[in-house]
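*Asks:* Provided below for reference: sequence and predicted model.
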Amino acid sequence: MKLNELTLKESLDKLAKKEIKIEEIYQDLDSAYQAKNSKLNIYLSHNDVALEQAKKASHKPLRGLPIAVKDNFCTRDLLTTASTKILEEFQPQYESTVTKRLLESGGILYGKTNMDAWAHGSSTETSDFGPTLNPCNPAHLPGGSSGGSAAAVAADLAAAAIGSETAGSIRQPAAWCGVVGLKPTYGRVSRFGVAAMASSTDSPGPLAKTVEDAAILLNSFAGPDERDGTCSRNKAPDFSQAIGQSIKGLKIGVIYQDIKELASTNQILVEQLQILRELGAAVETVQAMDPHFAIGVYTVVQRAEVSSNLARYDGIRYGLDRSHFGAEAKKRIMLGTYTLTKGRADQYYNLAQKVRTLYLQDYQRLFQKYDVLVSATSPSYAKELGASLDAAMFGELEDMLLEASSVSGLPGVNVPFYRDEKTNLYLGASFIAPMWQEEKVIKVADAFEKNTKWNSWRNK
Amino acid sequence: MSVNDSQVKHIASLANIPVTQEESEKIAKAFTDTLVVVDQLKKAGAADTPTTHQVTGLKNVWREDVVKEEYSFSQKEALANAKVTHQGYFVVPYVLQNKDN
């Protein structure tokens, strides 16, 4: 077995016991990078001094392990492009809070990963630097927008990865690549130094090989930050405490949407969730508010916030001027401008924020009865390359099961629940809990992962 | 709700986005497709519901009005990514014209 194929936790344990050396991990990782990266187009930039940095971090919690970071986190030592030509040569003068804390914890930036340009998409196909291919099946998309980070984990090109989610951008690519993706509560993780998309829902978080790895990585960067006014001032708990806990007596609601496109995915999901009953949880199907409305809410809120956030890109202080925006960014900025213009704001923007309240109320009702809710992450398997081109609402439709929880700020985690043997593609389940209760989703997802055969690192 | 080409051009000027004729026709179609989906919101029964703009419940987050050196750029750092500078300043497009030019 190659050492880059170890989970984060296994690597930490073996390094602690001195069974392996950090040099040996990087040796295997570098060979895998040489063999796979140009074909799969996962990393946009690569840290040439990663091993030197790793050797100096051996005494820190993450012991110098290589972490893949989405290219929308500002990093002083690596270019930060957000996969757009406008920022092709942008070398940030400061470090994002997430990567600063990662480095302080002994994580090493192995490289910056491809994404949808400006994070506008769910395919990684809108990147100005070409699509990333899905390591499970290269004829298919990795999902997005954190597609490069999900693919880096799936292809064993990092011990774990960091991404960001606005509505599905961590959980959906995790589902499509058969890995774990954890979207923290909005405000749990600082957005300082992350190229902004929709400021009221952007949430940085980990993508990893196991739920435990995701919890360990989240520990390194979650918590208050005075440089992000929307970041919670409450200290983050130790998320790894939720690993290996009993789920006996927990009440789990399965959101069962009666939608034709979901029928076969839902059937497999319900079968697979049976194990949670055997582990002592109460599992029943529930009706939640129609997810189709969330598509509209998310579309309006996201476009509006994009039009405002991307107004700062004028090519004066950094980057190229506004004529260099790609087709998708132009569309989003302009639609956002349209829905905010005088006379249209009530019809679109304010109405969307009212429907957002209905979702919050619906979750309040459901969480009175259930500890955790679960649904499929994506309606089906990873789509083929090219599927997102000329589809105006591609991402919004692929993320229809995640948008309601995102605009409500809830924490959620994707774990694989099925693999199709013919295509080697995965289906993922998304567990969600009330705000600030990441431990609940970590606990249930960890129990599910350890008692089923779908995690490809636990079941080699 | 359908959006036409001349509306798109108006929005483009508000958003400060240069668009070609071909782009503006494509965008008009994408707008129309998107607004069909968005218009479904009218059926959600939310007319009398209050709006939610953010979910943290935080209000008026203040900080002391002091300069923190560690959060500040030097002039050199601030200018490091600018394409055009002049004697230590950013060069910006002019917004006011005098009647002679």
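*Replies:* The structure has been received and is ready for your questions.
*Asks:* Which secondary structure elements does the longest helix along chain B sit against?
*Replies:* Once chain B is assigned using DSSP state H, the helix that runs over the most residues is helix B:21-38. For helix B:21-38, the packing partners by 3 or more C-beta pairs under 8 Å, 6 or more residues apart in numbering or on different chains; DSSP states H and E come out as helix A:291-309, helix A:327-340, helix B:5-15. The way it works is simple: take the backbone N, C-alpha and C, and place the C-beta from them, glycine included.
*Asks:* which residues of the chain score low on pLDDT?
*Replies:* I went with chain A, as the question did not name one. Within chain A, no stretch falls below the threshold (pLDDT under 70).
*Asks:* wrong one, I was asking about chain B
*Replies:* Under the criterion pLDDT under 70, the flagged ranges of chain B are B:1, B:100-101.
*Asks:* Nearest residue to the middle of it?
*Replies:* For chain B, the residue sitting closest to the mean C-alpha position, by C-alpha atoms, centre = their mean, is B:A15 at 6.5 Å.
*Asks:* What's the local residue count around the residue nearest to A:S169 when sequence neighbours are not counted?
*Replies:* Nearest-residue entry for A:S169: A:S145, 4.2 Å, with adjacent residues in sequence omitted and distances by C-beta to C-beta, 6 or more residues apart in numbering or on different chains. Other residues within reach of A:S145, judged by other C-beta atoms under 10 Å in any protein chain shown, total 36.
*Asks:* Now A:S145: which helix or strand?
*Replies:* Secondary structure from DSSP states H and E places A:S145 outside every helix and strand.
*Asks:* show me what contacts it?
*Replies:* The contact partners of A:S145, by C-beta atoms under 8 Å, 6 or more residues apart in numbering or on different chains, come to A:70, A:115-116, A:119-122, A:124, A:163-164, A:166, A:169, A:173.
*Asks:* So which of those residues wins on neighbours?
*Replies:* Ranked by the number of neighbours (other C-beta under 10 Å), the contacts of A:S145 place A:P173 first, at 40 neighbours.
*Asks:* Please settle this for me: is that one part of a helix?
*Replies:* Yes. When DSSP: H, G, I helix; E, B strand; the rest coil is applied, A:P173 is found to be in a helix.
*Asks:* Can you get me a residue count around the closest residue to A:A152 other than its chain neighbours?
*Replies:* The spatially closest residue to A:A152, leaving aside those adjacent along the chain, is A:A68, at 3.7 Å (C-beta to C-beta, 6+ apart). The number of residues packed around A:A68, counting by other C-beta under 10 Å, is 28.
*Asks:* Now do the contacts for A:A68.
*Replies:* Shown in contact with A:A68 (C-beta under 8 Å, 6+ apart): A:42-43, A:110-113, A:148-149, A:152-153, A:157-158, A:160-162.
*Asks:* cool, and A:G395?
*Replies:* By C-beta under 8 Å, 6+ apart, the residues touching A:G395 are A:D116, A:H120, A:G121, A:S122, A:S123, A:G144, A:G168, A:S388.
*Asks:* could you redo the residues you listed as CSV and give each row distance to B:H53?
*Replies:* Below are the contacts of A:G395 laid out as CSV (distance: C-beta to C-beta, whole Å):
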residue, distance to B:H53
A:D116, 25
A:H120, 21
A:G121, 24
A:S122, 24
A:S123, 29
A:G144, 26
A:G168, 21
A:S388, 29
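*Asks:* and of those, the nearest to A:R356?
*Replies:* Of all those, A:R356 sits closest to A:G168, with 16.1 Å by C-beta to C-beta.
*Asks:* Burial check on the nearest residue to that closest one once chain neighbours are set aside, number of neighbours?
*Replies:* Using C-beta to C-beta, 6+ apart and skipping residues adjacent in sequence, the residue nearest A:G168 is A:D399, 3.4 Å away. Per other C-beta under 10 Å, the neighbour tally for A:D399 reads 27.
*Asks:* do the same with A:K183
*Replies:* 35.
*Asks:* cool, A:L44 as well?
*Replies:* Per other C-beta under 10 Å, the neighbour tally for A:L44 reads 26.
*Asks:* quick one: secondary structure of it?
*Replies:* From three-state DSSP, the assignment for A:L44 is strand.
*Asks:* so it makes contact with A:T80?
*Replies:* No. Checked against C-beta atoms under 8 Å, the pair A:L44 and A:T80 is beyond contact range at 9.6 Å.
*Asks:* picking up where we left off before, pairing-wise in the sheet, spell out the partners of the residue nearest to A:A152.
*Replies:* On the basis of DSSP bridges, A:A68 is bridged to A:G111, A:A161.
*Asks:* if I look at it, how far off is A:I108?
*Replies:* Separation of A:A68 from A:I108 (C-beta to C-beta, to the nearest Å): 10 Å.
*Asks:* ok, now A:Y418?
*Replies:* Using C-beta to C-beta, which is the criterion applied here, A:Y418 is 34 Å from A:I108.
*Asks:* before we move on, the earlier item: list residues touching both of A:L44 and A:T80?
*Replies:* Counting by C-beta under 8 Å, 6+ apart, the shared contacts of A:L44 and A:T80 are A:D71, A:K112.
*Asks:* which one in chain A is furthest away from the centre?
*Replies:* For chain A, the C-alpha lying farthest from the average C-alpha position belongs to A:G343; by C-alpha atoms, centre = their mean, that distance is 35.8 Å.
*Asks:* What would the longest helix of chain B look like as CSV? C-alpha coordinates only.
*Replies:* Taking Å, rounded to 0.1, in the frame of the first residue of the first chain, the C-alpha atoms of helix B:21-38 are listed here in CSV:
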residue,chain,number,x,y,z
GLN,B,21,-24.4,41.7,-29.2
GLU,B,22,-24.1,37.9,-29.3
GLU,B,23,-23.5,37.7,-25.5
SER,B,24,-26.5,39.9,-24.8
GLU,B,25,-28.8,37.7,-26.8
LYS,B,26,-27.5,34.6,-25.0
ILE,B,27,-27.9,36.3,-21.7
ALA,B,28,-31.4,37.4,-22.5
LYS,B,29,-32.4,33.8,-23.1
ALA,B,30,-30.6,32.6,-19.9
PHE,B,31,-32.4,35.4,-17.9
THR,B,32,-35.8,34.3,-19.3
ASP,B,33,-35.1,30.6,-18.5
THR,B,34,-33.9,31.5,-15.0
LEU,B,35,-36.8,33.8,-14.2
VAL,B,36,-39.3,31.1,-15.1
VAL,B,37,-38.0,29.1,-12.2
VAL,B,38,-37.7,32.1,-9.9
